[in-house]
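Asks: got a predicted structure plus its sequence, pasted below:
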Amino acid sequence: MAAISQVDRQQMYARDVHRCIRCGAEQLLTCQHRAAVGMGGSKVQPRVLECVTACLECNMRFESDLQGEALRFGWKVRRWADAAAVPVFYPLEGIWCVLINDTRRPVTEAEAVAMMHAVYGQEQYEKWGLAA
């Protein structure tokens, strides 16, 4: 599995204000690959927009009890989805953003929901809302 480069990791941390995207922790930070890379994964190095900053605990929980929440808020994306088309919610700031390389562009909640519906369909996206 290809890892994010150190330069890209530092850009990701800076974009995410050096804290976990979900809980705001500033310690034990990791790179959360938004699209699954396990089981051998890809040899292609992930782009900054394909990753978000997560603490070790949240990163692990995104694969278990927080998976619905992570998908609903764009912290994870389905393997087949284009990460650039899936907005990310920053709950500590209360904003949705589109990730563009190492920067983020705020979008309204309505725009974010429309983008999620376009990628996943309204029914699936709403299911994740019930699970979160």
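Replies: Yep, that arrived.

Asks: C-alpha only now, for contacts and for neighbours.
Replies: OK.

Asks: check which helices and strands the helix or strand in which residue 54 is found is in contact with.
Replies: Secondary structure assigned from DSSP states H and E places residue 54 in strand 51-55. Identification of packing neighbours for strand 51-55 by 3 or more CA pairs under 8 Å, 6 or more residues apart in numbering; DSSP states H and E yields helix 6-15, strand 29-33.

Asks: all helices for the protein, in order.
Replies: Taking DSSP state H as the test, the helices found in the chain are 6-15, 56-61, 67-72, 109-120, 122-131.

Asks: tell me which of those is the most buried.
Replies: A comparison of the helices of the chain by mean neighbour count, using mean count of other CA atoms under 10 Å, puts helix 67-72 on top with a mean of 22.

Asks: residues in contact with that one?
Replies: If you take CA atoms under 8 Å, 6 or more residues apart in numbering as the criterion, helix 67-72 is touched by 61-62, 76-78, 125, 128-129, 131-132.

Asks: grab the nearest non-local neighbour of the residue most central in space within the chain.
Replies: Nearest residue to the geometric centre of the chain (CA atoms, centre = their mean): residue 75, 2.3 Å. In space, and not counting its chain neighbours, residue 75 is closest to residue 34: 5.6 Å by CA to CA, 6 or more residues apart in numbering.

Asks: no further queries at this time; thank you.
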